[in-house]
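>>> for reference, the sequence and a predicted model appear below.
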Amino acid sequence: MLRKIVVLCIVIIGFLLQSSVFSGISMGGIVPNIMIIITSSFGFMRGKNEGMVIGFFCGLIMDVFFGDILGFYALVYLVIGYLNGLFRSLFYPEDIKLPMILIAGSELAYCFLCFIFLFMLRGKFHLGFYFIHIFLPEIAYTILVTLIIYKLILWINERLELWEKRNA
Amino acid sequence: MARNRSKRSKLSIPSKYILLGFTILCVILMVLSYTTNILNGPFEMIAGYTIVPFQKGISKAGYWLTSRSDSIKRMQELTEENEELKNTVADLTLQINELQQDRFELSELRLLYGLDERYAGYDKVGARVIGKDAGNWFSFFLIDKGKNDGIEKDMNVIAGGGLVGIVTDVGPNWASVRSIIDDSANVSSMVLSTSDLCIVSGNLELMNDGYIQFSQLIDEKDMVGQGDQIVTSYISDKYLPGISIGYISHINKDANNMTKSGYITPAVDFKHIETVLVILEKKKQKD
């Protein structure tokens, strides 16, 4: 129960950071994707199921506020959460390389999915332009923010696991 | 670990099926929200009472901080500016008196022609921008007024005298606005001087250069040129007529030799929108 409340708070705070705080300090109009960091890190820390559920809710919030149709972002984040869950067995809390690679990979996948479904299907094919002006800066900025936010999420998760062990 | 997990959850469904279930749920949501609007109410309501209050707080704090630092920086400038402005005010009051007389004449003439005053006549409500689109692909933003203040979907949003966008989603105390520089925005518009129609559409590739693009302008007599004002057209089904969009900065003939297209510099500074006006009147539509 405690875990659910804490995770819900993390998701909401992540969304607030992304839509209100970071859009104020964006670099060149690019905002880091904190929802991906949250979805991805819970995916590989806690497994497929939790990754999926958290991804679904992250996406749903995006849908409600900014989506044309409800469910698109939810599906994208859901799949990303699931795929990250596949790497759970490789995850060690001390290792920062795997999380960085996974988050960068997720971010790239997210960008590609957005490009394919939201732009290519409308006849906008300039992948090169979008790659340089959206993909790369978004990934770079997200990685930069990951260094801080991932550590925080990891710490919270460890606290939660300790608490669960004590109350089990 | 895996064993531990399945022991804890009473029903251990393989993740594959959960993934499948959620995917189907998402698809159902997408189909429902695309074909009907039964989902419009509840989610907006929940979001309005859980997330929007925080956003309002954060943006208020942000504005406070920027205004604080600005005010310290500008104190000196302001006193000098104040002197100057006082002089100009005196000049301007004289001018206003003259203009007011002209305006009376104009409004009487307009009445004579049965014309309504343009957007001076619309009911408007002011709103503060409290959040921007969470991604980098589109340009939506959130404002702090919603259904409770009379805002509805498809209402036009203006700022600084120019068109900003259109309301796409409304909650009880918030609304999201799609700006006209958004990649998926299309506005039916016309050149003010010649009344030639064209389509203005946002383009992500031009956004950083501060342009939006127009196309399908039929200008047989070659009358339209750089600097001409573009306003919303009379035939648009969602935008009220005569709202300024911007000024032509580049114009080219299309390959088909019949239509023209080019770039527009928007009338609104989209990088620094803090407050907007929502026009509380929707274009009358045939249902």
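Thanks, I have it. Residues are numbered from 1 along each chain as shown, chains lettered A, B, ... in the order given.

>>> identify the bridge partners of the residue of the stretch 51-200 of chain B found nearest chain A.
Nearest residue of the stretch 51-200 of chain B to chain A, counting by CB to the nearest CB: B:Lys132, 3.7 Å away. For the C-beta atoms, the positions are set from N, CA and C on the backbone; glycine is no exception. Beta-bridge pairing for B:Lys132 (DSSP bridges): B:Phe141.

>>> contacting residues around it?
B:Lys132 sits next to A:Ser19, A:Ser20, A:Ser23, A:Val31, B:Ser139, B:Phe140, B:Phe141, B:Leu142 when contact means CB atoms under 8 Å, 6 or more residues apart in numbering or on different chains.

>>> low-confidence stretches in chain A?
A:24 (pLDDT under 70).

>>> okay, and the residue nearest the centre of it sits in which element?
Central residue check for chain A by CA atoms, centre = their mean: the C-alpha nearest the mean position is that of A:Ile36, 1.1 Å away. Secondary structure assignment for A:Ile36, by DSSP states H and E: helix A:34-46.

>>> kindly report the same for B:Gly165.
Secondary-structure element containing B:Gly165, defined by DSSP H and E: strand B:162-170.

>>> show me what that strand is packed against.
Packing partners of strand B:162-170 (3 or more CB pairs under 8 Å, 6 or more residues apart in numbering or on different chains; DSSP states H and E): helix B:40-50, strand B:156-159, strand B:175-179, strand B:244-253.

>>> quick one: closest of these to B:Ser261.
strand B:244-253 (6.2 Å; CB to CB).

>>> tell me what angle that closest one forms with strand B:162-170.
Put simply, strand B:244-253 runs at 110 degrees to strand B:162-170, going by axes from the mean of the first three to the mean of the last three CA atoms, to 10 degrees.

>>> just how off-centre is strand B:244-253 within its chain?
How far strand B:244-253 lies from its chain's middle: 19 Å, per CA atoms, centre = their mean, to the nearest Å.

>>> neighbouring contacts of it?
Here strand B:244-253 has contacts from B:161-163, B:180, B:187, B:189, B:191, B:200, B:211-212, B:214, B:217, B:224-232, B:259-268, using CB under 8 Å, 6+ apart.

>>> list the buried ones in the strand holding B:Gly165?
B:Gly162, B:Leu163, B:Val164, B:Gly165, B:Ile166, B:Val167, B:Thr168, B:Asp169, B:Val170 (16 or more other CB atoms under 10 Å in any protein chain shown).

>>> as PDB, could you dump the C-alpha coordinates of it?
Backbone C-alpha positions of strand B:162-170 (Å, rounded to 0.1, in the frame of the first residue of the first chain) are rendered in PDB as follows:
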ATOM      1  CA  GLY B 162      -2.900  37.900 -32.300                       C
ATOM      2  CA  LEU B 163      -4.300  34.400 -32.500                       C
ATOM      3  CA  VAL B 164      -2.600  32.000 -30.100                       C
ATOM      4  CA  GLY B 165      -4.500  28.800 -30.700                       C
ATOM      5  CA  ILE B 166      -7.700  26.900 -29.900                       C
ATOM      6  CA  VAL B 167      -8.900  25.100 -26.800                       C
ATOM      7  CA  THR B 168      -8.700  21.300 -27.300                       C
ATOM      8  CA  ASP B 169      -9.500  19.900 -23.900                       C
ATOM      9  CA  VAL B 170     -11.400  21.300 -20.900                       C
END
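
>>> centre of the chain to it, how far?
For strand B:162-170, the distance to the chain centre is 4 Å (CA atoms, centre = their mean).

>>> what mean pLDDT would you report for stretch B:174-186?
Mean pLDDT, taken over the full extent of stretch B:174-186, equals 90.

>>> and it, end to end?
23 Å (CA to CA, to the nearest Å).

>>> residues of it that come out buried?
B:Trp174, B:Ala175, B:Ser176, B:Val177, B:Arg178, B:Ser179, B:Ile180, B:Ile181, B:Asp182, B:Asp183, B:Ser184, B:Ala185.

>>> ok, and does that stretch reach over to chain A?
Yes: using CB under 8 Å from any CB of the partner chain, stretch B:174-186 reaches chain A at B:Ser176, B:Asp183, B:Ser184.

>>> quick check: longest helix of chain A.
Secondary structure of chain A per DSSP state H: the longest helix is helix A:136-167.

>>> so where do the helices sit in chain B?
For chain B, applying DSSP H gives helices covering B:2-8, B:15-35, B:40-50, B:52-112, B:204-207.

>>> one step back: and the buried residues of stretch B:174-186, which two are the farthest apart?
B:Trp174 and B:Asp183 (22.7 Å).

>>> ok, the most centrally placed residue in chain B - contacts?
With distances taken as CA atoms, centre = their mean, B:Gly165 lies nearest the centre of chain B, 2.2 Å away. B:Gly165 is in contact with B:Asn156, B:Val157, B:Val177, B:Arg178, B:Ser179, B:Ile180, B:Asp182, B:Ala185, counting by CB under 8 Å, 6+ apart.

>>> and the helices in chain A?
Per DSSP H, chain A carries helices over the ranges A:2-16, A:34-46, A:48-66, A:72-85, A:97-114, A:127-130, A:136-167.

>>> looking at B:Leu240 now. What's its pLDDT?
pLDDT, B:Leu240: 87.

>>> quick check: it touching B:Met155?
No: B:Leu240 is beyond contact range of B:Met155, at 9.3 Å (criterion: CB atoms under 8 Å).

>>> got the residues of the stretch 51-200 of chain B near chain A?
B:51, B:54-55, B:58-59, B:62, B:130-138, B:140, B:142, B:168-169, B:176, B:183-184.

>>> could you rerun that using 7 Å?
Residues of the stretch 51-200 of chain B found near chain A (CB under 7 Å from any CB of the partner chain) are B:51, B:54-55, B:58-59, B:62, B:130-134, B:136-138, B:140, B:142, B:176.

>>> distance check, the nearest residue to A:Ala109 once chain neighbours are set aside against chain B.
Spatial nearest neighbour of A:Ala109, chain neighbours left out: A:Ile80 (6.3 Å); criterion: CB to CB, 6 or more residues apart in numbering or on different chains. A:Ile80 sits 12 Å away from chain B when distances are taken as CB to the nearest CB, to the nearest Å.

>>> so what's B:Tyr234 up against?
Neighbouring residues of B:Tyr234 by CB atoms under 7 Å, 6 or more residues apart in numbering or on different chains: B:Pro241.

>>> at 10 Å what do you get?
B:Ser188, B:Met190, B:Ser195, B:Leu197, B:Leu240, B:Pro241, B:Gly242, B:Lys283 (CB atoms under 10 Å, 6 or more residues apart in numbering or on different chains).

>>> do the same with A:Gly29
A:Ser23, A:His133, A:Ile134, A:Pro137, B:Lys132, B:Asn136, B:Ser139, B:Met207, B:Asn208, B:Lys271.

>>> thought the last one was touching B:Gly210?
What that stands for is B:Lys271. Yes: in terms of CB atoms under 10 Å, B:Lys271 counts as a neighbour of B:Gly210; the distance is 8.1 Å.

>>> with neighbour numbers in mind, choose between the two.
More neighbours surround B:Gly210 than the other of B:Lys271 and B:Gly210, with 15 against 8 (other CB atoms under 10 Å in any protein chain shown).
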